[in-house]
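> would you be able to build a 3D model of this:
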Amino acid sequence: MVSASAAFHGDPPVSPSVPREIRAALIGEEIADFDREYRQVLDEAAETLDLVGVLGMLKRWQRVAWSSGENPDAHRRMLGHASRLGAGGAVATEQWQQTRARLGL
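Model prediction:
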């Protein structure tokens, strides 16, 4: 039998409040996607008796919540760019040298 710590590569255990905390940090347009995926992985976990999918989903959504919480407007712009790129569209870009100069790096 594999220990819990080995199964999750040393990640700390997920507290029961984590799903609620993640959901509260998301921007409005992401909440339905989170809810849908959370229900799906819980259903799968109930059938397989395996929480790896649930924990992986929560870890991924924690990153999304962190990104959207830091700067919701920038996160929305990123989502818009990703949507346009996914649909085959183009987005405005700049050369790395320009980005460095603009940021004073």
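
> in which helix or strand does Val91 reside?
Taking DSSP states H and E as the definition, Val91 sits outside all helices and strands.

> start the count at 289, not 1, going forward
Right, with 289 as the first residue, what we last looked at is Val379.

> ok, it - contacts?
For Val379, the contacting residues are 369, 372-373, by CB atoms under 8 Å, 6 or more residues apart in numbering. All C-beta spots, glycine's among them, are computed from the backbone N, C-alpha and C.

> so which of these is the most crowded?
Using other CB atoms under 10 Å as the neighbour criterion, His369 leads the contacts of Val379 with 15 neighbours.

> so which strand or helix has it?
helix 360-374.

> about what we covered before: I'd like the contacts of Val379 as TSV, with pLDDT and distance to Val306 appended.
Compiled in TSV, the contacts of Val379 are given as follows (pLDDT from 0 to 100; distance: CB to CB, whole Å):
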residue	pLDDT	distance to Val306
His369	85	28
Arg372	88	32
Leu373	87	30
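
> reformat the residues you listed as TSV; add distance to Glu382.
Below are these laid out as TSV (distance: CB to CB, whole Å):
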residue	distance to Glu382
His369	13
Arg372	16
Leu373	16
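
> which single one of those residues is nearest to Thr387?
Closest approach to Thr387 among those (CB to CB): His369, at 14.7 Å.
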